[in-house]
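Novice: I would like the atomic coordinates for the input below:
(chains A, B, C and D)
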Protein chains: 2
Amino acid sequence: MSEAGHIAGAPRASLLGTALDNLGRQIAGARYAEGDTLPIEPRLAEELGVSRSTVREAVRALVALGMLEVRTRTGTRVRPRRNWNILNRDVLDWLISDGSPDTGLLAAIDEAREVFEPKAAAFAAERASDAEIAAIAQAYDDMRDAARTGDIGAAVIADRAFHLAILAATANPILEAFDTAIDAVLGLLFKVATADHEQSFRENLANHGRILDAIRNRQPDAARDAMIDTIHYTRGNLRKHVLEAPRPVEEVRS
Amino acid sequence: MSEAGHIAGAPRASLLGTALDNLGRQIAGARYAEGDTLPIEPRLAEELGVSRSTVREAVRALVALGMLEVRTRTGTRVRPRRNWNILNRDVLDWLISDGSPDTGLLAAIDEAREVFEPKAAAFAAERASDAEIAAIAQAYDDMRDAARTGDIGAAVIADRAFHLAILAATANPILEAFDTAIDAVLGLLFKVATADHEQSFRENLANHGRILDAIRNRQPDAARDAMIDTIHYTRGNLRKHVLEAPRPVEEVRS
DNA sequence: GTGATCCAATTCATCAGATGAACCAGACAT
DNA sequence: ATGTCTGGTTCATCTGATGAATTGGATCAC
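Specialist: Sure, this is the predicted structure:
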């Protein structure tokens, strides 16, 4: 009987999908703070424009991700952020790719990259299969081509693929779990990619080449060192264009 | 109308909870392999002894954790393990604390610990608040007391608290996200704790003391080195009692 | 035969409504 | 004060129905 489903022109995803996304974004955006109790199910259903069954499915997903806890009579409450599955892609997206990205979290990811990725590169140099090396090399080629033609957006995408391919080559599923964080950061960098980045990408390309060569030649230490340099380089871009961005995303006009 | 809910004397948790647990365990235990299609919802409901609504809530949780994907007409399929939220506590439990723990995963966690815990200790030495240092010290005291009285179980619990307290003191939510992995491994070690461990714990206690001292004295490098030694020590126990265990858990009798 | 087109069966998506169970708070008795 | 009882609130769970999406095959034109 409900008239929902035609929210904004585009039918887009399922009702559940949008409801879950809305709810998750609201929680991540602190509309409901830690410890807060959400409205009761019938009311939530009303607010989200779906039935109570659908609300329950959405809530169930957020419970699985550690964001909510629900008890009879007490209601549904927001758990402390420390308990959130922060490496889940959706959770990360809700926290980051929002209008006002959590810069503290971005800094934490940046810091964590320096913890994980150098060793990951070393592992890749030791263990990568031929196919995995080929994937890394392919990403590098894409980066080089993109940098050459000046397509910064494509360069960032290739950059991301490069780092993810290395993580995948560690043969360690725990380390691979970090891939969503890399994906989130570089995805964000992609959104703010401008011609201004061109120079830095060109310079950083050499570092990526060193990583690839080290992995190809099975030199873990060299791969590690090159990765450290690479991360430092990317960090500069992140700081300049995201962390220190004076205002939210804004159209840049001459 | 269903007669479910009185499975084995104890009513225990909610129907959803047990259904979710059963389903998750079955998937993690490869009863349904990657790419397999689960039975259709009404049939799953039958098998799990709950209504279709409850099945859908359970499935929704597993979808959120990256274990399942569901599409109209095609049905519900098991996603590749690489996509699972492996740092989620439930997922980890399903994979590890099962009757036959995934030793490859345990080895990966062990390896990953050496990647991030030394740096975590260093961060803790730089940033830990007084309260956080107190928490670490408390865990250390508990370890010492437990080792002294020979209560190996309590010693492992304190050991776990020690490492988790350090992670919590890094002030980096990404690093903290790996706490479930540490928790899982040390939790497993707890289950196989025997008097045989006593000696190693006593010896390892000194390493933990070095970590604590280094953090107290704000010496990041010393904290890192001591953590490395500690992990190597624990690794020995893990290898001997879990990874190389000839048979599953068995009552040890004289 | 080969391909495009259309139809129908299957499976999930979503809703509505009802009843049961758990739980917290306050009234009440002692 | 303390413990017990009772009620109301909220989630837990089931049932049944209908809509939507997708796939696989049947049909038809060439």
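Novice: Now do the contacts for A:A58.
Specialist: A:16, A:19-20, A:23, A:48, A:50, B:60 (Cβ atoms under 8 Å, 6 or more residues apart in numbering or on different chains). (Each C-beta comes from the backbone N, C-alpha and C, glycine too.)
Novice: And the pLDDT for the residue nearest to it when sequence neighbours are not counted?
Specialist: Closest residue in space to A:A58, ignoring its immediate chain neighbours: A:L20 at 4.2 Å, by Cβ to Cβ, 6 or more residues apart in numbering or on different chains. At A:L20, the predicted lDDT confidence score is 95.
Novice: And A:L20, how far from DNA strand D?
Specialist: Distance of A:L20 to DNA strand D, computed by Cβ to the nearest atom of the strand, to the nearest Å: 16 Å.
Novice: can you list contacts of the host helix or strand of that residue?
Specialist: Using DSSP states H and E, A:L20 sits within helix A:15-28. Here helix A:15-28 makes contact (Cβ under 8 Å, 6+ apart) with A:4-5, A:7, A:12-13, A:32, A:44, A:48-50, A:54-55, A:57-59, A:61-62, A:67-68, A:78, A:90-91, A:94-95, A:98, B:60.
Novice: just stretch A:90-99 next, same as before
Specialist: With Cβ under 8 Å, 6+ apart, stretch A:90-99 has contacts from A:20-21, A:24-25, A:27-29, A:65, A:67, A:84-86, A:101-102, A:105-106, A:180-181, A:184-185, A:187-188, A:191, A:248-249, B:64.
Novice: gap between it and the chain center?
Specialist: With Cα atoms, centre = their mean, to the nearest Å as the basis, stretch A:90-99 stands 8 Å off its chain's centre.
Novice: what are the C-alpha coordinates of that stretch, in CSV please?
Specialist: Provided in CSV are the C-alpha atoms of stretch A:90-99 (Å, rounded to 0.1, in the frame of the first residue of the first chain):
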residue,chain,number,x,y,z
ASP,A,90,29.9,-0.1,3.4
VAL,A,91,30.9,1.0,6.9
LEU,A,92,34.0,2.7,5.5
ASP,A,93,32.0,4.3,2.7
TRP,A,94,29.5,5.7,5.2
LEU,A,95,32.3,7.1,7.3
ILE,A,96,34.4,8.5,4.5
SER,A,97,32.7,9.1,1.2
ASP,A,98,30.1,11.1,2.9
GLY,A,99,29.9,14.8,2.4
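Novice: Just the buried residues of it, please?
Specialist: Residues of stretch A:90-99 classed as buried by neighbour count (16 or more other Cβ atoms under 10 Å in any protein chain shown): A:90-96.
Novice: Could you turn the buried ones of the contacts of helix A:15-28 into a ChimeraX selection?
Specialist: Those of these that count as buried under 16+ other Cβ under 10 Å are selected in ChimeraX with:
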select /A:32,44,48,49,50,54,55,57,58,59,61,62,67,68,78,90,91,94,95 /B:60
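Novice: Tell me which of the contacts of helix A:15-28 fall in helices.
Specialist: If you go by DSSP state H, those have A:44, A:48, A:54-55, A:57-59, A:61-62, A:90-91, A:94-95, B:60 in helices.
Novice: count of residues packed around the closest residue to A:M143 other than its chain neighbours?
Specialist: Spatial nearest neighbour of A:M143, excluding adjacent residues (Cβ to Cβ, 6+ apart): A:A158 at 4.1 Å. By other Cβ atoms under 10 Å in any protein chain shown, 24 other residues sit near A:A158.
Novice: Now A:A158: which helix or strand?
Specialist: A:A158 belongs to helix A:152-168, assigned by DSSP H and E.
Novice: chain center to that helix: distance?
Specialist: Chain-centre distance of helix A:152-168: 13 Å, with Cα atoms, centre = their mean.
Novice: which bits of the stretch 51-200 of chain A sit near chain B?
Specialist: Residues of the stretch 51-200 of chain A found near chain B, taking Cβ under 8 Å from any Cβ of the partner chain as the criterion, are A:53, A:56-58, A:60-66, A:81-82, A:85-88, A:90, A:105, A:108-109, A:111-112, A:115-116, A:119-120, A:168, A:172-178, A:181.
Novice: circling back to that earlier point, just curious, which of the contacts of A:A58 is nearest to A:I136?
Specialist: When the contacts of A:A58 are compared for distance to A:I136 (Cβ to Cβ), A:L20 wins out at 34.6 Å.
Novice: neighbours of the closest one, just the number please.
Specialist: Here the number of neighbours of A:L20 (other Cβ under 10 Å) works out to 26.
Novice: rewinding a little: relative to A:F123, how far out is the residue nearest to A:M143?
Specialist: To A:F123, A:A158 is 22 Å away according to Cβ to Cβ, to the nearest Å.
Novice: now swap in A:D36 and tell me
Specialist: From A:D36 to A:F123 the distance is 42 Å (Cβ to Cβ).
Novice: what about the two, which has more around it?
Specialist: Counted by other Cβ under 10 Å, A:D36 and A:F123 do not tie: A:F123 has more neighbours, with 23 against 13.
Novice: Could you tell me the backbone phi and psi angles at that one?
Specialist: The phi/psi pair for A:F123 (degrees, to the nearest 10) reads phi -60, psi -40.
Novice: pretty sure it contacts A:T170?
Specialist: Yes. With contacts counted by Cβ atoms under 8 Å, A:F123 reaches A:T170, the gap being 4.1 Å.
Novice: Going through the contacts of stretch A:90-99, which ones are buried?
Specialist: Among these, those that count as buried by neighbour count (16+ other Cβ under 10 Å) are A:20-21, A:24-25, A:27-28, A:65, A:67, A:84-86, A:101-102, A:105-106, A:180-181, A:184-185, A:187-188, B:64.
Novice: Which of the residues you listed fall within strands?
Specialist: Using DSSP state E, no member of those falls in strands.
Novice: thinking again about what came up before, tell me the contacts of the residue nearest to A:M143?
Specialist: A:139-140, A:142-143, A:146.
Novice: Nice, that's everything, thank you.
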